[in-house]
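[1] this is a predicted model, with the sequence first.
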Amino acid sequence: MAAEATNVGNTWVNIGIFAAFVVVTLIVVFRVSRQNKSAADFYAGGRNFTGTQNGTAIAGDYLSAASFLGIAGAIAVNGYDGFLYSIGFLVAWLVALLLVAELLRNTGKFTMADVLSFRLKQRPIRMAAALSTLAVVFFYLLAQMAGAGGLVALLLGITDKTGQGLVIAVVGALMILYVLVGGMKGTTWVQIIKATLLILGAGAMTIWVLARFGFSLSAVMQEAVNMAGENGEAILEPGLQYGATALSQLDFLSLALALVLGTAGLPHVLMRFYTVPSAKEARKSVVVAIWLIGIFYLFTLVLGYGAGALVGPEVILAAPGGQNSAAPLLAFELGGEILLGIIAAVAFATILAVVAGLTITAAASFSHDIYASIIKKGQVSPDGEVRVARWTVVVIGIIAIIGGIFANGQNIAFLVALAFCVAASANLPTIIYSLFWKRFNTSGALWSIYGGLISTVVLIIFSPVVSGKPADPVTGLSKSMISDPAIDFHWFPLDNPGIVTIPLAFVLGIVGTYLSKERSHPEKYAEMEVRSLTGAGAEKAVAH
Amino acid sequence: MSDVQAAGPAETDYQRVERSDEFQSLRRAFRNFVFPMTALFLVWYLLYALMSTYAHEFMSIRVAGTITVGLIFGLLQFVSTFVITTLYARWANNKFDARAQALREEIEGGEL
């Protein structure tokens, strides 16, 4: 295994290209961050980004290593079923475009809780919203950091856990530096640079693959079928990964629901809408993001089948990173060391940029919602708030490094799915109700947020993801998080709880609302509604 | 505005705006566009997810070479997402923004 890892590509080329990326982005971050003074600068980049810039940054935030390496790998190995992920991830953006982005920009300031507490009771709502924000960010962050470990194994040929831990620590430290120095402005530029590199790199590889097969997707897929060997036709059809039993089919539907409803509840995505000067620019951001993300997923379709055709599923599965190695191996097959180095650097940059975006979101949520509004009851200077946010960045960075080292080797796809499920269950129902439902009140919001959050986490703990998957006949280990097959406390049959928790959270929002005698605030709702649609009184860009 | 006088004493400016005909028709226009569109794409996506899960044979029909019905259905999800995005952006830029802006200027200018 180790020998094979070092055969692919040149470690020093990979490190060199990645170091160049770090140097360039650091220079950019230092240059753009000279005016990071106010809270609006630190959390929202002064609200001065254009829609196109922000849309590119959103794509950079969203196209994590899981999308790039994960989806390409899933298509290479499982064919059609891998493609299903990308469709859910893309269609989900319509929820953000039509129902959330502009209204949120017009009514909020820095965080999701700003919008929810507009007409509901400040302190309990901010607490609940901050907790669910931190939960989503935590799961997402762990997935990215754990992914970094796997990537290191693959790309730098570092196979021992200590070396991987060291690299995870370096990634975490770099991220802390970016966010501390650059705030939201610096983070946004890192996202923009990374998204541009990622999409150009994937685009070039896509054209390269197609050129090898006379620009016929059908021919690429035919070769992938041939390479897949006996019963290779199955990669063209749905069901290879999820079609085995009625239960796994239900699991897939559950995942599909969480994917499509989760995106518009992801706090780091929501926060990006505050970095532009107006609702119109927020709309443009989403439009640009949808085009970039959509085109990128079309590339991954070709790259996935291309990896299946040119590298073959057996070689991919035998490589150190497993499925995740499909795209890097394809890059090596096409363009040798240099292209592999570029793609490897882009993949690292991806992790770095996504982690930075997540960290600034968590810092804003802790400092703005919990520290300034709950602990200090609003009696804190903006400078004091930003200082706490900076300290939070350091703390979260350290938690991410430690968590990443412990989670190294864990199944990262489930952590991302869990983050989406919490976002869809705990965040989205409350956002929708508070924007569109006049009768909605604090009690309904608390029922929905806590109900969604707790039910998701509990069902995951007692699902086969954590314990009780059948033991692998070869290794004798279970594929669950707890790999000892003797330990089995699962009673919930599905890996993805969304099909239960999302409708539950929507219902709890209604039940909680009607059970409470809380007086409604028609004047607050009127203000929120008028503001959300017309933009009257919305936060303005910072003038420098 | 004629109905401003009819307002109760405790009513805020925002409530007056909310009750105004201009705002009501703006809200109606917005909801009449985004709610049906949301229902449409969600149903279309769920249909795709259900078919991919339970209609394997239909989705596996070869249309040309290795191109299956399922692949085309999936690519159509991309097309529909791009189309809805464009339709909404065009509608909002051409039909919605001017009205919302006029109302915003009236509110911020203290005319309502």
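    Arrived safely.
[2] how about the strands in chain B?
    Using DSSP state E, the strands assigned to chain B run over residues B:62-64, B:67-68.
[3] between those, which one is closest to chain A.
    strand B:67-68 (5.4 Å; CB to the nearest CB). C-beta here means a position set from N, CA and C on the backbone, and glycine is covered the same way.
[4] in its sheet, what does the closest one sit against?
    For strand B:67-68, the pairing partners within the sheet under DSSP bridges are strand B:62-64 (antiparallel).
[5] mean confidence score for the partner strand?
    On average, the pLDDT along strand B:62-64 is 87.
[6] same deal with stretch B:96-112?
    85.
[7] what do you get for stretch A:470-477?
    The average pLDDT for stretch A:470-477 rounds to 77.
[8] any idea how far the residue most central in space within chain A lies from chain B?
    In chain A, the residue lying closest to the centroid (CA atoms, centre = their mean) is A:Tyr62, at 5.3 Å. To chain B, A:Tyr62 is 14 Å away according to CB to the nearest CB, to the nearest Å.
[9] what number of residues are in the vicinity of the residue lying closest to that residue once chain neighbours are set aside?
    Counting by CB to CB, 6 or more residues apart in numbering or on different chains, the nearest residue to A:Tyr62 once its immediate chain neighbours are dropped is A:Ile293, at 6.0 Å. The number of residues packed around A:Ile293, counting by other CB atoms under 10 Å in any protein chain shown, is 25.
[10] quick check: next helix or strand after the one helix or strand A:Ile293 maps to?
    Taking DSSP states H and E as the criterion, the element that holds A:Ile293 is helix A:279-310. Heading C-terminal from helix A:279-310, the first helix or strand you meet, by DSSP H and E, is helix A:313-318.
[11] hmm, that next one in reach of chain B?
    No: using CB under 8 Å from any CB of the partner chain, we find that helix A:313-318 stays clear of chain B, coming within 15.9 Å at best.
[12] centroid-nearest residue for chain B?
    Per CA atoms, centre = their mean, the C-alpha nearest to the average position across chain B is that of B:Val34, at 1.8 Å.
[13] wait, it sits on A:Ala101?
    No: judged on CB atoms under 8 Å, B:Val34 makes no contact with A:Ala101 at a distance of 11.3 Å.
[14] which stretches in the stretch 151-300 of chain A count as helices?
    Remark: helices of the stretch 151-300 of chain A, listed N- to C-terminal, are A:161-212, A:217-227, A:246-262, A:267-272, A:279-310; assignment by DSSP state H, counting those that start in this stretch.
[15] could you say which of those helices is packed most deeply?
    The densest packing among those, expressed as mean neighbour count by mean count of other CB atoms under 10 Å in any protein chain shown, is seen in helix A:267-272 with a mean of 27.
[16] remind me, longest helix of chain B?
    Longest helix in chain B by number of residues, with DSSP state H as the criterion: helix B:21-54.
[17] in that one, what counts as buried?
    B:23, B:26-27, B:29-30, B:33-34, B:37-38, B:41-42, B:45, B:48-49, B:51-53 (16 or more other CB atoms under 10 Å in any protein chain shown).
[18] ok, and what's touching the helix or strand where A:Ala419 lies?
    Using DSSP H and E, the secondary-structure element containing A:Ala419 is helix A:412-422. Contacts of helix A:412-422 with the rest of the structure, by CB atoms under 8 Å, 6 or more residues apart in numbering or on different chains, involve A:64, A:66, A:70, A:132, A:135-137, A:139-140, A:142-143, A:146-147, A:150, A:255, A:258-259, A:262-263, A:266, A:407, A:452-453, A:456-457, A:460, A:465, A:481, A:495-498, A:501-502.
[19] would you mind getting the angle between the very next helix or strand once past it and helix B:21-54?
    Following the chain from helix A:412-422 toward its C-terminal end, the next helix or strand by DSSP H and E is helix A:428-436. Using axes from the mean of the first three to the mean of the last three CA atoms, to 10 degrees, the inter-axis angle of helix A:428-436 relative to helix B:21-54 is 160 degrees.
[20] and the next helix or strand past helix A:428-436?
    helix A:442-461.
[21] quick one: contacts for the residue of chain B positioned farthest from its centre?
    Farthest-out residue of chain B from its mean C-alpha position, per CA atoms, centre = their mean: B:Gly65, at 37.8 Å. Shown in contact with B:Gly65 (CB under 8 Å, 6+ apart): A:216, A:218-219, A:221-222.
[22] can you tell me how far B:Ala89 is from chain A?
    With distances taken as CB to the nearest CB, B:Ala89 is found 5 Å from chain A.
[23] quick one: contacts for the residue lying closest to that residue once chain neighbours are set aside?
    With CB to CB, 6+ apart as the criterion, B:Ala89 has its nearest non-adjacent residue at 5.0 Å, and that residue is A:Val287. A:Val287 makes contacts with A:51, A:55, A:97, B:85-86, B:89, as judged by CB under 8 Å, 6+ apart.
[24] same thing but 7 Å
    If a contact means CB atoms under 7 Å, 6 or more residues apart in numbering or on different chains, then A:Val287 has A:55, B:85, B:89 as its contacts.
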